[in-house]
Structure formats: structure tokens, C-alpha cells
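Colleague: Sequence unavailable; structure follows:
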């Protein structure tokens, strides 16, 4: 053990010999155990879905619910044509691959070749996701299952293809799921993406596309 | 009830009309009002300056002054907060702690006493004036009083109460802060009193005479029309006009 | 070398005199207040949420030894390496050694106040490394050669024209009054730097003990890029940033966003568990975490003020503080501004030199009400004053308060003193009476009454 570590841990133990009173709480401690004070997530699945849709709209993320994968494919193909998306970086996934390959342009998978410069030149990064949190409109991606770290952050447009059953009502439920799905084997990165990149640094005025993607699309397949 | 008046030191010497108005209103509400003239100051200036050993002496003396009082009522959020909230903390671990807690339980700010103890909101007052309210920080955040003075004001016939976004902003007095860091104190009262003046109200009302000293001092220097008025003074005026 | 208190007085005298700038700050904050209230109202019970957040941090900090060791063990089993720094100098040296070992040429940084605290950039530049701040606000401040104004919004004091001029001067770009265009200029400039940097340095908002992850909160995506593109990722964090479990983030992440920026959730909240895992496409090959003490254990040893270590650096207390709003962030002269800065700086940098920050407050308490983790901020300022009175000699205060107490212990003397004051006020106001002259510089006093309350009461027996 390093000298510094020994010393710091020693100082900590010494410091904590005197206990500190628990903080003044407003509520009764029994109520604090649940998570019932956080924002509403709706009683029914329909309400949760509406909440998700509203949140994504407020965040200026583009939300496209579709009935099946074919619809997803044609929707994205149209979008690509309209927006002139030519260079599509994606990762191999049962939802993502067919969508990426259907676009009239150059789609390449990060599994096949990868360089930072190539990724920088991409118009679009297309990924799947781990789950979607309705409570905030947050999309959870992982470095293990969403094509790495850069794919969902470097290209100026991020397109997410997901299934409707990936929607979870709230953050607490999402963390529970993470604990189950990745127990003992966390991906090196898990990231909640809540809307396109933004900043309020200049006069506290909101601007989109600071460093991360300026546009975010969620295609949700029923 | 036999109400023992707690008259802050600067009210006694600089703004006695606040104390006299409070006494008048309490008498109108049927209370027996007494004033123990051995009181002087609650010790807050020393407390806020960190001179707690000296402040303790002031606190212990106050316990002695009010030991036979049935209930203590003061027309000042900050001074009442000192006695009600900070005396038990200041005297924690000393032989005076229990007594400080007992005094705390029977000490009240003026508007709080009328509304929550006497359970009266309409004292039968009339005043055809426009007023805006300043929430003194001690009353608002230490004593958690917000609605009490407003309930009294809303019941005054003919009175128009104008709220501002700045009603809860600190006036910048903070006791000796106002003269230890005067440039900051003045900047704060500029923002606060400027907003109050822009309401077009006749008076700015508060339950804290120290805040009114600060706000009124700036308004006067700047030649503003709006005048400071303690809530006790307003209610006393309203009784006369009824 | 003038002491920090004189600098503080000088700076705040200048900034409080700038009415336009103070109005600009108030306008900028107006939007924040609206959004904060809007999103706070969405909570079913904001006060209970504060309770939960407060308890989460209390239980981590008050079990710091065990929680920190658990975190470190998990972190290292995820493939990262932990380094321990007792003070700023040690932390700087550790990072310099890591850069040397990595053969680094270019370094990119995301926003980290802890790196400001240890004056890292200075040390890196002196050692010949090019360091670029990637957060827009920090990037702007770096170009200006100025410290951050607010630890969440580093350049909120600047009007867009000043930023446009800055970019024209340093980047050769055309003038513009559009915040969007200015942001795009920074975005374009920084793109290639992410790709060419060898080392990315970030901070950490939370250290998650049960999973061994660090959590980073941001809006721009620059921290995500800083931790994705370079070969080596170095994170610096104070030891107090621990939380017990990942589940605590369900309450802490949204509250950090709402209290700090008036948002429901910030744009990117990312958990890092280690360097690139086998099978992952990209990511750093090395992941280092530098844990910093730098007098935090001293604050930890004060059971009365230990809760100041619960701070999640949201900045809410700054946003509501009338002192901060009127004197501005730079006047504090130290890394952490506002109420939290005024509480902890005397502990971290010395009571003698910094207790004036705790004195420069009216103790209004708006900060304590705003704090999502219920730190008793304004009472801590008062406690610092009490501590200072015991160890920092202040003859004037002792004499002043000693005299005042002497008088108030004697009602006859108090009454006489008051009478003398009132009768001689006309003369007194022209003499150098302590405090009186200061008051009268910008404020009047009410008309001096003939009789005091006690005199009237005595005269009339009954009103």
C-alpha cells in the first residue's frame, strides 16, 4: 500500500472517530425509503409512452415510433435522402444493420474497420441502445452493446434504433435493470443520453450541438 | 394573556413607535401588555460576529429578564429568532439550556403571535393604502413565517397588497454586515429597495424593523416616495382609521 | 503581497459599483430561476427528494473509510488504476508522471474544478504540454487567461460581444453576435483536438462504491469525447465524492441537473468502469483515477461542518446568493465561489487568511434552502466566524463587543448611553465614530426620536 494511501486512510479514520448527527430531514424517514418523490411516470403504459414522447419533444430529439422494422428501414432511408446522409457509421446489430445497409450511401460497421478519422468524417452514427427511460426521455447506451464509446458521440447526427419493450418507466427501474443485466461485468462505459448535445454557457442561452451530436433520432419499433 | 413585550435595543432607542404600535394592537386584542424595563439587548450582534462567549452573557441575562413572563412577544423577526432559535443552541451543554428551551417555546414574533396563538387574522382595521411586503430573512427562513403577516394585511379593509419577485431577497442589513461590508450591503439594498419602489406602493411593510432601517435608509437617501412601515405600525394606524 | 482579505475588499468594491454588469447577471439568472421552478414542480415531493439526497451523501461520507476502500477495490478490479494524492503538489506530480510515461504530446481536458484547485494547467504548461479546455465556458476562460466565474457556468459574466472579440483575436474568426455561431466556432476548433490528443483529463461527479464506476455529468459531450478518443484517460476527484450505490444516482443525477442548471436531467450522464474492455471497439487503453485529499480530511474531522463534504457541486447556492450576484465570482479569489466556497475555503486554505469570506454574508439563508443535499450552509458561515473569533486575534471586535456587553448588562447605563447618542447625534454624524460614518455614506437614519420606548412607557404607564 502506498505511503499516501496509508496516510489518507489514517486521517479519514481519525476524523470519523467523532460521529456527525444525521441531517435534519423534513419527511419521516420511512417515506424516504421509497422513490415516490421523483417526477411522475404515469400509471399505465400508454401514459408512460406519452410522457416519453413529450420529453423527447421538449429535448428537441426526433421521435419516430413505427410498427415494424420494415417501416423503420423506409423511414430512415427517406430521412437519409432528405438530409443528404451519405457516410453512415454503425455497429452490427439485428435492428441497426438492416437499417444502415438500406440507406443509399456508404454504410460501414465499426467492427469491420475503425479509425478515429473515419468516424470523424461520418455524417451519422447509428446505434442500438440498452434501454430508454421515459421519466426523462433518456437513452442508455453502452460501450459493449452500442458499438463503443465514440460512435454515439462523435458524428454530428445520432440515430438510435430500439424496440418498444426497451422502454422503462423511471431511472430507478433502469438502474435495477443495469444491476441485473451487467452484474459483475459492467461495460467500460454506460451513458444516459438526454437529447442532442447542448450548452448554456453563453449568456445562459440554450444552443444545441455543442460537441456531441446536434441531432438525435429515436426510431422505436413496436 | 399577559404579554411581556420584547423590545429590540434599536427599536427602544431609534424607532420606539414600532414598540408602541405593537403594544397598542395587542391591547386592542384584549391582551394585558407589560414591559420589563430591565431588558436591553438579546445579544445578536455579538453572536453574529462570532463572539459567542460574550453573546452567551447577553442570552443568560435575557433568560433572567423574562423568567416570569407568561408569553414573550417581539416586533422583530431577527431578534425573536435569536431568542427562539439560537438561544437553545448557544446555551447547549450549559446549565441554562433547559430554561432557554422553555423560553423559546413561549416566545413569538408579533404577527405569528396574533395569527397562530390568538388565532386572529382580522383585527378590525381599515387603511386605504397600497403596500408591498418585505420578508425578513430570519422571519422567513429561521422562523418559517410567510403567510402570517400576509393574513393580517389581507384582512385590513381598503388595503392593497402588491407582491414582488424580490419579496424574499435579502435587504442586505445582516446586522454589522451592513457596515463591515458596506459596498455589498448597499448593492443588495439597491436591488431590493429599487424593486420595492417600482411597485408604486405607498409603503413597504415588514415584520423586521432592522430591515426597515436598511431599506428605509436607502429609500430616504435616494429620495424615493415609498416609505418603510412596520406591520405593527400599519395595524395601529388601521385601528385608528376603522 | 496584499492579503486575500484586502484583495476581496478591493475587488468587491469595484464589482458592486458596476450596476450594468450586476443587472446582466440578474437577467442571465432569471431564465434559470424559471426553469428550476418548473422542473422542481415536477417532483412529487421536492423536500423528500432532498431528504433522500442528503441521506445518500451523509451515509457515504460518514462511512468514508469503508466506502472509499470498497470503491477502490471495485474500481481496480474493473481494470483502472488508483493513485493517492495527499495534497495539490502530489496530485500534480502524479499526473505529470503519468503524462511522461504515456509519452504524451497533446492533452485535452473536460471541466473539472478539482484541477483548478490544484492549479494543474499551469503545471502542465510549464512542463511543456499543450493543454486545451474542451468545455465551452472553460475554453473561453482559458483563452482569456481568467479563472472560471462560476463553477458550473464559467463565463456567465461575459456578453456575447466579448466572446466574439475573443474568438476573432485568438482563432481569427469573423465577428458574430449569435451564441449558436460562437458555439459552432468552438466545436469546429476542438474537433481535431479530441482525435489527436494522447491524454484526456476529466473530473468525476460521483464515485460509485458498489460498482467501482465513476460518474460524469455534462451537457456538451466534451467529457464523453475526452474519455473516448485519447489513449489514456486520467480522472481527478476529491475523496469525498463517493456514494454507496449506483441506485443513489436515481435521485442525485436529476437533482444535480435541476438545482444546478434548471434542467430535468443534463444531456450526458456517463458511468465509466475501466479502460476499453476486450471486445469493445474503442476507448482508452489506460484509465487512471487520482484521489485527492488536500485538506478534505481536515473538514471531515469537524463533525459540525462535515456535511459540507456532501456538496455535489451543483452551484445552486451561488445562483441564489445575493452576495455572489452582486460581487461576482472572481471577487472571491479562490476556486470555489459563493456560499459553499465561503464555507469550505477557510477549512481548505486556512481560517486566518480566508475567514473574511464567511464574514462577507448577511446570513440570509437562501443558500441553505436551495441546497439539494441540505448542507447547513449559512449556519456554517456563522460557525466559521465563531471559530475565527477564538483563534484569529481581532482586538477591535473584542473591545467593541466587550464594551457593548458591559453596557447591555446594565439597563440604567444602556438607557443613558442611548440618550447621549440621540442627543449628540447631530454632532456624532460628523465624527469618525466606528460604523456610523460607514452607514451614513449611502443610507440615512430615521429621524432621531426625542424619547426612547422605555422613557415613553415609563411616562405614560399605559399607552
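Modeller: Nice, I can see it. All of these numbers come straight from a predicted model, not from anything done at the bench.
Colleague: Around the closest residue to chain A within chain B, how many other residues sit close by?
Modeller: Taking CB to the nearest CB, chain A has its nearest neighbour within chain B at residue B:144, 11.2 Å off. C-beta: built from backbone N, CA, C; applies to glycine. Neighbour count of residue B:144, defined by other CB atoms under 10 Å in any protein chain shown: 10.
Colleague: Check what pLDDT it gets.
Modeller: We have a pLDDT of 97 for residue B:144.
Colleague: now swap in the one 5 residues further on and tell me
Modeller: As summarised for this prediction, residue B:149 has a pLDDT of 98.
Colleague: same thing with the one 4 residues further on?
Modeller: Note for residue B:153: predicted pLDDT of 98.
Colleague: can you check residue A:145 too?
Modeller: Predicted confidence (pLDDT) for residue A:145: 94.
Colleague: Check residue B:98 too.
Modeller: Note on residue B:98: pLDDT of 97.
Colleague: Return the backbone torsion pair for it.
Modeller: For residue B:98, the backbone dihedrals (degrees, to the nearest 10) come out as phi -60, psi -40.
Colleague: Could you do residue A:82 as well?
Modeller: Dihedral angles for residue A:82 - degrees, to the nearest 10 - are phi -60, psi -40.
Colleague: Pull up the gap between it and residue A:73, please.
Modeller: According to CB to CB, to the nearest Å, residue A:82 and residue A:73 sit 15 Å apart.
Colleague: of those two, who's got more company?
Modeller: It is residue A:73, of residue A:82 and residue A:73, that has more neighbours when counted by other CB under 10 Å, with 20 against 8.
Colleague: Confirm for me that that one is in contact with residue A:99.
Modeller: Yes - the pair residue A:73 / residue A:99 is scored as a contact, 5.3 Å apart, by CB atoms under 8 Å.
Colleague: where's residue A:162, which helix or strand?
Modeller: Residue A:162 is part of strand A:157-163 when elements are defined by DSSP states H and E.
Colleague: buried sites along that strand?
Modeller: For strand A:157-163, burial by neighbour count (16 or more other CB atoms under 10 Å in any protein chain shown) applies to A:157-162.
Colleague: and that strand, how far from the chain's centre?
Modeller: Relative to its parent chain, strand A:157-163 has a centroid offset of 10 Å by CA atoms, centre = their mean, to the nearest Å.
Colleague: how about that strand against chain C, any contact?
Modeller: No - for strand A:157-163, no contact with chain C is found by CB under 8 Å from any CB of the partner chain; the gap never falls below 10.0 Å.
Colleague: What is the end-to-end distance of stretch B:113-124?
Modeller: This stretch, stretch B:113-124, spans 17 Å end to end (CA to CA, to the nearest Å).
Colleague: what's downstream of the helix or strand of chain A with the lowest mean pLDDT, the next helix or strand?
Modeller: When the helices and strands of chain A are scored by mean pLDDT, DSSP states H and E, helix A:29-32 comes last with a mean of 50. Sequence order places helix A:45-58 as the next helix or strand after helix A:29-32, per DSSP H and E.
Colleague: which helices and strands sit right next to that next one?
Modeller: Judged by 3 or more CB pairs under 8 Å, 6 or more residues apart in numbering or on different chains; DSSP states H and E, the packing partners of helix A:45-58 are strand A:62-66, strand A:167-168.
Colleague: Switch the ones you listed over to JSON lines; also include mean pLDDT.
Modeller: Shown next, in JSON lines, are these (pLDDT from 0 to 100):
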{"stretch": "strand A:62-66", "mean pLDDT": "97"}
{"stretch": "strand A:167-168", "mean pLDDT": "95"}
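Colleague: remind me, longest helix of chain C?
Modeller: With DSSP state H setting the assignment, residue counts place helix C:19-40 as the longest helix in chain C.
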